[in-house]
Every structure is written in structure tokens, then in C-alpha cells.
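J.: Generate coordinates for the sequence data below:
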Amino acid sequence: MFEMTAVVPKCIDEATSVMEVALDAVCEMSSGVKKIERTAVIVASCVDSTKVLLLCGGGSVHEPAHAGLVARGWQRGAVCGSVFGSPPTAHVSAGIDSLANLQGPNGPGILVIITNCTCNILSFEYAVLQARARGIQVETALAADDAFFGTEYAKNCRGFAGCCLLHKILGAAAASVLSLAQLKELFDRVSRNMRSIGASLSSCLLPGSPASSVLPPGTVDVGLGLHGEISLLQIPFEGAAPLTHLLVGIPMGKGEVPVRGKTTAINAGSIALLLVNNLGSTTDLEMSILSYHALRKCATAHATIVGVHSERHMTLLDMHSFSLTLLVVEDEADLKDVLNTDALQGPLMKFHSPQLPGLTVPGPLTALQLARREAEAAGRVVAAPTTSPLCTASSRSSCRLRLISTGLTRMCAMVTSVAACSARRLRCWKRCLTFCGRPTCGAPSHISLNPLPTPLPAPRARFTARCFSAAATARRWRSRAAAQWRPCAWRPHRTVSMCRSSVARAPVTAPWWTY
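T.: Numbering: from 1, shown residues only. Below is the predicted model:
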């Protein structure tokens, strides 16, 4: 990681007013929501007072979460904090009071969904305590789906993209007239079977601020948090398929990356939902490729994916990253709150049943198929592709090419061995000339002879005696091996020991290419 000091321009006016202007734009472009004055809270314009109302919230720059989830069949209110900051308790209290006034004094209650973060818990829980003291029926649900800590310490898990899937399920269930206690039970059942993990190829740039640090090129950050918190590890990026397979294995409890706690493995044959979330600036083309590999990895792990969705829901500004969320369906009756929600929630986060492999239609005919059709129309006998004359001739040519390639390879090895042996012999001759003044070991006659030094020093005299003894031994070996080894015309005076030390020579009766 290295420091960056330049501020990257963004399409904003002032860094301190981005959240207020963005919320005003949401209210102006949608007729179904309105903003509470002097707060960063938006609520639905009209609600059904006979049903439980949902309130969510957290820091900004995760759009479309949380403000974009205030819609029909979804949340009825959202409390937005500053950039990567939790909303103040006063704003949370304003949101609860507004929904309670729309319900009336005997309403079915309000469910506050909190994204697991220390600051969020402090702000929301304190506001809930104040609301209960005022007589408002309100409950809280802590969304914690990050697989960073495994399933052993579920309460320590950070809230991630699975929070949006929880909002969808609870919103559809609340629209079907479930009580507050039933919604709380549904939340507990769904949240303990939901796991998310993310990966990033870059860091994010806050509005009006320089990048504090960036990832080295070619590195991927696995297991990062929603606010750039510490990740599991950084690994080299080797492609979409290896990265996706690694990420799918983590929430399934079968990954090679050790998480901070134990993870209960997902059993083979389990029914699950897959959410591929775009965490920032990942293109649609990349998201399609990631979804393709994620579906096939789940299939190889024998997990039955009954619904898949790929879109932007929980983001981190312009971070080039994505996340995978797996929800194991414990009760198949819960699927109706996910797969059949067109009438309640519209097209927002619409899940589809995957088809593996994808369906295809017949395409244009190949040249071989056209030739077969013409031959059959003319009444000619169509030979099988493997027995046709063209394929037979091609097979024979391939065999001949393989034989020629093998012969050339052996010839190259033989020439390389000859060159190495010649170099060793030349070094031997030079050493003999240096020490004793005359060549031994069968030196050719064109090498000049130097007179012997008189008298020879003791070390050189011993070496000269050894050289003459080695020459005599070599001559004896050559006479004995003449019947077993084929003579080499371009390498005279080659000893048997040298032949054996370089490359094995074939018998005289063997062809030349077996050298």
C-alpha cells in the first residue's frame, strides 16, 4: 500500500453537502417518498397502517441502499448518515416517530433493521429505547451476514450486501400481513443461513478527499468490509474464474482461505439463493462473467440454486469490486417471499431460476454438414468422417510428421553431445601442452609441440606420468571396444570412457537415427 495525495475530481459541488443534495434529488424524482425537515430521513408518502412498517438506515455512499430501498413492498423509511458515518440518534427517533404517527396509537408495530456496525448499534438502539419509553411498539433486527468471521461468531459479523436481500424478504413478508413477532422469527431464521463475501481490485475515493491508499496493480483484496475495513488477505489476481471459485468456497465452508471463526459447511443438495452484488464500478460485462462462474461453482459443490440475481444494491462509491451472497433456504415456504414478489415489490431485485447449461437454438450449418446433406440428397453413400480417404491420408501424414520430428530431435541431441565432447577434448589437449609440452590423449598432429622443460618440477612430473599412463590405457580400451562400438570418423582417438560419459552409442547394426 502506498500513499496518494491528489484529489480526484468528482461531479459534486461541495464535499460537505453531497448527502443533503442527493436525498433532495431522490424525493424530487420519486413521488412516493418525502423527506423529514432538518433531518436526513425519508419516509413513504402513504403507508398501510394495518401492517408492520420497516425502518432501515446507516451511512451514506452505499446507494441505492438505504434511501433507494424505500418503495412499495420494501422499507417504509430510511435514516441516512454522513459519508461512511452513522446517523445521529435524533434522526433515528424522528424516523420512528413519523412512522408511528402514520400507524396511529394501536398500530401493529415497527421493525428497525440495523446494519451491524458499532456506531449504528449505538444510534439505533438508543433511539429504540426512547421510543419504547414513549409507548411505541418497536423491535430491532441486527443484519450481520459477512462471512469474514465465519458462523461461530455470528454477532461479530459485519453487515454486507445480504442486508438488501433481508430487506426484500422482510418487506414482502410484511406486505402479506405478518405480525411483528412473526417477522422477527422470519428474520432470525433467514439471517443465520445467509453468508456474504466480497473482493476488490481497487480502493474507493471519498468525495473531495484524496485516496488514502490503493491496492498494488494486479492484487485483489478478499474479504473487505463495507467501509474499507481489514480484509482476509491480498492475493495476486489470476482471473475471474479462480477468484470466483475461491469466494464461493468461503461461505460454503469449503474454501482454502481460513476465516476468523468456524464456518458450518453447506450440505450437498441444499437449496440456496445467489445474489451477485456490484459493489461499485464493476461493469455489466464483468458481472455477467462473475455470475457465470459462481453458478457453475455452486453446481459442482452440489448446491441447488433456485434463484439468482445480479445488480447494484449495496455499493462502495467507485470501488472496483463485487460480493457474493448465499442464502440457504431452511423453509421452502420462504421462497414465496423472494421468487413471487412481482405484484408486491415490482422489478426491484427480481430473482430468476437459473438454467444450467443455458438453452440454445439451432445455428447455421457447417461446411461438413452441408456436404453430407447434399450427398444424401444425391443418393451417394456418405462415408464416416474417420474412414474417409481425406481423413486417412491426413492421419498418415500426421504419423510421418511425428516420425520425422522424433528423428530430428535425436539428431539435435547427438550433435549437441558431439560438440560438448569436442570442447572437453580441446581443453584436455591444452592442459597437456601447458604442463608437459606435448599433447597426449591422442592429440592431432597439427597441434604444435613445445620442447619439454628440463628439469620438470615435481608436481608437473607426476602429472606428466599420469597423462602418459592415461594415454596408454585409452589405447588399450580402444582396441578392446572396436568390435562393440561403431567408430566415429569425425572424432578420432575417442576413448570408450568418454563415449559412455556423453551419450550411449547404439550397436553397429542399429540405424543411424537411433544414436
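
J.: Kindly state the domain boundaries assigned to the chain.
T.: Annotated domains of the chain cover 17-143, 196-204+215-345, 422-514 [automatic domain parsing].

J.: Can you list the low-confidence ranges for the stretch 401-515 of the chain?
T.: 422-515 (pLDDT under 70).

J.: could you redo the last one with a cut-off of 50?
T.: For the stretch 401-515 of the chain, applying pLDDT under 50 flags the ranges 438-456, 483, 485-515.

J.: how many neighbours does H309 have?
T.: Residues within reach of H309, counting by other Cβ atoms under 10 Å, total 19. (Each C-beta comes from the backbone N, C-alpha and C, glycine too.)

J.: Name the residues linked to it by a beta bridge.
T.: Note on H309: beta-bridge partners L275, judged by DSSP bridges.

J.: quick revisit: kindly reformat the domains of the chain as a markdown table containing distance to R396.
T.: Shown next, in a markdown table, are these (distance: least, Cβ to Cβ, whole Å):
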| stretch | distance to R396 |
| --- | --- |
| domain 17-143 | 65 |
| domain 196-204+215-345 | 39 |
| domain 422-514 | 20 |
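
J.: Which one, of these, ends up nearest to L170?
T.: domain 17-143 (6.0 Å; Cβ to Cβ).

J.: sorry, back to before: quickly, which of the domains of the chain bottoms out on average pLDDT?
T.: For the domains of the chain, the weakest mean pLDDT is recorded on domain 422-514, namely a mean of 51.

J.: how far away is the spatially most central residue of the chain from K297?
T.: By Cα atoms, centre = their mean, the mean C-alpha position of the chain lies nearest to L243, the distance being 1.1 Å. According to Cβ to Cβ, to the nearest Å, L243 and K297 sit 11 Å apart.

J.: Check H62 too.
T.: Distance from H62 to K297, by Cβ to Cβ: 27 Å.

J.: of those two, who's got more company?
T.: H62 (27 against 19).

J.: Spell out the secondary structure type for A141.
T.: Judged by DSSP: H, G, I helix; E, B strand; the rest coil, the three-state class of A141 is strand.

J.: Chain neighbours aside, what residue packs nearest to it?
T.: Among residues not flanking A141 along the chain, F187 sits closest, at 4.5 Å (Cβ to Cβ, 6 or more residues apart in numbering).

J.: what's the burial count for that neighbour?
T.: 21.

J.: Relative to V177, which of the domains of the chain is closest?
T.: The nearest among these, by Cβ to Cβ, is domain 17-143 at 6.0 Å.

J.: distance between the ends of that closest one?
T.: 28 Å (Cα to Cα, to the nearest Å).

J.: Please, where are all the helices along the stretch 1-150 of the chain?
T.: Under the criterion DSSP state H, counting those that start in this stretch, the stretch 1-150 of the chain contains helices at 18-29, 89-103, 118-133.

J.: Packed most tightly, which of those helices would that be?
T.: Ranked by mean neighbour count, the helices of the stretch 1-150 of the chain are led by helix 89-103 with a mean of 21 (mean count of other Cβ atoms under 10 Å).

J.: so N267 is in which element?
T.: Assessed by DSSP states H and E, N267 sits outside every helix and strand.

J.: Go ahead and name everything in contact with stretch 336-344.
T.: Identification of contacts with stretch 336-344 by Cβ atoms under 8 Å, 6 or more residues apart in numbering yields 72-73, 165, 168-169, 171-173, 175-176, 273, 306-307, 350-351, 353.

J.: let's see 6 Å
T.: Contact with stretch 336-344 is made by 73, 169, 172-173, 175, 307, 351, as judged by Cβ atoms under 6 Å, 6 or more residues apart in numbering.

J.: In helices only, show me those residues.
T.: Using DSSP state H, 169, 172-173, 175 are the members of the contacts of stretch 336-344 that sit in helices.

J.: Quick check: the farthest pair among those residues?
T.: I169 and A175 (11.1 Å).

J.: and E286, how many neighbours?
T.: 15.

J.: same question, T115
T.: 27.

J.: In contact with it, which residues?
T.: Contacts for T115 (Cβ under 6 Å, 6+ apart) come out as 58, 143, 159, 163.

J.: now those as JSON lines including neighbour count and distance to L129?
T.: Converted to JSON lines, these look like this (neighbours: other Cβ atoms under 10 Å; distance: Cβ to Cβ, whole Å):
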{"residue": "G58", "neighbour count": "29", "distance to L129": "19"}
{"residue": "A143", "neighbour count": "28", "distance to L129": "19"}
{"residue": "G159", "neighbour count": "25", "distance to L129": "21"}
{"residue": "C163", "neighbour count": "31", "distance to L129": "22"}
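
J.: Where strands are concerned, which of the residues you listed count?
T.: The members of the contacts of T115 that map onto strands under DSSP state E are 58, 143.

J.: Contacts for stretch 296-306, please.
T.: For stretch 296-306, contacts defined as Cβ under 6 Å, 6+ apart pick out 245, 248, 252, 268-272, 274, 354, 356.

J.: same thing with stretch 178-191?
T.: So stretch 178-191 is contacted by 52, 109, 111, 139, 141, 169-170, 173, 330 (Cβ under 6 Å, 6+ apart).

J.: rewinding a little: looking at I169 and A175, which is more packed in?
T.: Neighbour count, other Cβ under 10 Å: between I169 and A175, I169 has more, with 23 against 20.

J.: contacting residues around the more buried one?
T.: With Cβ under 6 Å, 6+ apart, I169 has these contacts: 190, 337.

J.: pLDDT wise, what is it at?
T.: Confidence score, pLDDT, at I169: 91.

J.: start the count at 487, not 1, going forward
T.: Understood, numbering begins at 487; the last thing we discussed is I655.

J.: Spatially nearest residue to F837 (excluding sequence neighbours)?
T.: G793 (3.6 Å).

J.: Would you double-check that M773 falls in a helix?
T.: Yes. Judged by three-state DSSP, M773 forms part of a helix.
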